[in-house]
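1. okay, predicted coordinates and the sequence, questions at the end:
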Amino acid sequence: MRMLAKSIALPALALLLVAAGCVAQPAPPAGLKPGDKAPDFNLKGSDRKDYDLAQFKGVKAIALCWFPRAGSGGATTQCAALQAAMAQVPADRVQVFGCSTAALDVTTSFAQTGQYSFPVLSDSARAAAQAYGCLRPDGSSERWTYLIDDQGIILAINKGVTPQTQGTELAKMLSAAGLVDGGAAPQAAATGDQQITVDVGGLKRTCLLHLPPAYDGTRQLPVVIALHGARGNGKGMAGMTGFDALADKYAFLAAYPDGVAADHTWNGLFGKIPGGEGILADDVDDVAFLRSLIGLLRDTYHVDPARVFVCGHSAGAYMSYRAAVELPDLIAAAGVVNGSLGIKSLDGKPCGAVIPAPLAPVSLIHICGKQDTTVKFDGAQTPKNLFKSVPECVAFFVQANGCATPSKDTVDTAAGVATTCYTGGKAGTEVTQIIVANCGHGWPTAQQGMVASEVLWSFFAAHPKAPPGG
């Protein structure tokens, strides 16, 4: 490959000012197009090797796959989709690079976490992104892909890449250039488990995400967000509920966020107590976390906005109730397993005793173990909290949704499971109460007479959010 003139670097001070947004950035070059000479670069990869165009002369074509921020959910999805495509990329003919303006330590950590088989280049000085015309005003890059031949000529530029379609888009570019067999297109996106992160008020929050085989990055699928109990985590919630297998069977995404308040739990009770701890923690905004997480799942993973469901166990159930009250604009239905509507108390006096009615109708299913001594059926009050009884919790949503009196009462005498359904709510919402006689505080399974995860999904699948005006 012929050596091209290196881009002239800005002075160090100017680079710092540009990064800080203090001065205007130089105008990008006139739009590059196929047939143009590709700007040269000299960048270090996540494998700690130095790369430039000259070293690939007569050996390989190069794919530069830019993404805005290494470590973000979008970058993780994009590189996972790219990794899924690598099996179809002829390694003797094509060198693939991820490209980011992040610092080398960030790109290296990101690549190691994802275990990608391609290097991720660090353009922390932003000179290469500037030369290629894909530098954004905030210092990140556009999500563009450039294909360059072994003589340094741009073969194709794709500015329509999404995180989910990076693999298929690259395959199309390689096929059009005669570098791969057109019939050997890879999958659109990787499936399986991914760890995603969301920044909420400067606090890095994490979530384990399971993508079913039906996920292709283009078809809108439902999502079930499952919240663990106190001292738990997302991985443990996945194991306890078995939602992954149901997600694979019924084609939905399963998300398992991690709580952080005190003992890895949730700020799930209403009211505010200065200096509270554990489920009383006032300084952890879990409602904002769930709002941001749902936005990420919708925008990056193409989740169906009408089929976003939240459920939880114990402390996670408190948080599910709070989400149903405060996020009904985003949630179609909520599920509670051995939890309650709770209010924070100080010396036995409730703080913020009035729980606000949801601003929009939301379907709800409450499952409780009759033998639960941790979250009691009849409610409880301690110096630090007040928990409403199961009938009070159910009645709260029956009234908020405008449901009719029970339309159907059933008692499974053999298994000891009693179900009460309230139908006819606004926007087609319903409320269901299930009491499992042979269950304590655990997650009900077939041994207790019902499989909670299957019952929850069946309820969710039947209760998408009604369209506007519906």
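-> Yes, it's here. Residues are numbered from 1 along each chain as shown.
2. who's in contact with the residue sitting nearest the centre point of the chain?
-> Note on the chain: the residue nearest the mean C-alpha position is L297, at 4.3 Å, using Cα atoms, centre = their mean. Residues touching L297, when contacts are defined by Cβ atoms under 8 Å, 6 or more residues apart in numbering, comprise 209, 223, 253, 255, 303, 308. Yep, even glycine has a C-beta here, placed from its N, CA and C like the rest.
3. which element is the fourth one on?
-> The reference is to A255. strand 253-257 (DSSP states H and E).
4. which helices and strands does that strand pack with?
-> Under the contact criterion of 3 or more Cβ pairs under 8 Å, 6 or more residues apart in numbering; DSSP states H and E, the helices and strands touching strand 253-257 comprise strand 203-211, strand 221-227, helix 234-241, helix 243-250, helix 286-300.
5. list the neighbouring strands of that strand plus their orientation.
-> The strands that strand 253-257 pairs with in its sheet are strand 203-211 (antiparallel), strand 221-227 (parallel) (by DSSP bridges).
6. so for G424, which of those sits nearest?
-> Nearest to G424 among those is strand 221-227 (23.8 Å), distances taken as Cβ to Cβ.
7. quick check, distance from stretch 241-249 to the centre of its chain.
-> Taking Cα atoms, centre = their mean, to the nearest Å, one finds stretch 241-249 lying 17 Å from the centre of the chain it belongs to.
8. give the buried residues for it.
-> Of all the residues in stretch 241-249, those buried under the rule 16 or more other Cβ atoms under 10 Å are 241-244, 246-248.
9. try stretch 442-452
-> By neighbour count, with 16+ other Cβ under 10 Å as the criterion, the buried positions of stretch 442-452 are 442-445, 448-452.
10. from these, which ones fall inside helices?
-> A452 (DSSP state H).
11. out of the buried residues of stretch 442-452, which is nearest to S175?
-> V451 (45.7 Å).
12. for that closest one, give me the pLDDT.
-> According to the predicted model, the pLDDT of V451 comes to 93.
13. before we move on, back to that, can you give me the distance of the residue nearest to the centre of the chain to E142?
-> Note on L297: its distance to E142, by Cβ to Cβ, to the nearest Å, is 23 Å.
14. domain parsing of this structure, as residue ranges.
-> Structurally, the chain divides into domains by automatic domain parsing as follows: 12-176, 192-461.
15. what residue ranges in the stretch 151-300 of the chain score low on pLDDT?
-> 181-191, 261-263, 273-283 (pLDDT under 70).
16. report the distance from the longest strand seen in the chain to the chain centre.
-> The strand spanning the most residues in the chain, taking DSSP state E as the definition, is strand 303-313. Distance of strand 303-313 from its chain centroid, counting by Cα atoms, centre = their mean, is 12 Å.
17. and it with helix 286-300, angle?
-> Relative orientation of strand 303-313 and helix 286-300, computed by axes from the mean of the first three to the mean of the last three Cα atoms, to 10 degrees: 150 degrees.
18. which residues sit against the next helix or strand after strand 303-313?
-> Scanning forward in sequence from strand 303-313, with DSSP H and E defining helices and strands, the next element found is helix 315-326. Under the criterion Cβ under 8 Å, 6+ apart, residues 226-230, 232, 237, 259, 265-270, 279, 286-287, 290, 310-312, 331, 334-342, 355-358, 362, 364, 375, 393, 397 lie in contact with helix 315-326.
19. just those residues: which are in helices?
-> With helices taken from DSSP H, the overlap with these comprises 237, 286-287, 290, 393, 397.
20. Serialize these to JSON lines and add fields for distance to A129.
-> Output for the ones in helices among the contacts of helix 315-326, formatted as JSON lines (distance: Cβ to Cβ, whole Å):
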{"residue": "M237", "distance to A129": "39"}
{"residue": "D286", "distance to A129": "36"}
{"residue": "V287", "distance to A129": "36"}
{"residue": "L290", "distance to A129": "34"}
{"residue": "C393", "distance to A129": "53"}
{"residue": "F397", "distance to A129": "50"}
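21. related to what we said a few turns ago, ok, the buried residues of stretch 241-249 vs A404, which is closest?
-> L246 (30.1 Å).
22. correct me if wrong: the closest one contacts V455.
-> No - look at L246 against V455 with Cβ atoms under 8 Å: they stay out of range, at 10.9 Å.
23. what helices or strands is the longest strand of the chain leaning on?
-> Helices and strands in packing contact with strand 303-313 are listed as strand 221-227, helix 234-241, helix 286-300, helix 315-326, strand 333-337, helix 452-461; criterion 3+ Cβ pairs under 8 Å, 6+ apart.
24. what about V94, how many residues nearby?
-> With neighbours defined by other Cβ atoms under 10 Å, the count for V94 comes to 20.
25. how much space separates it from A461?
-> 43 Å.
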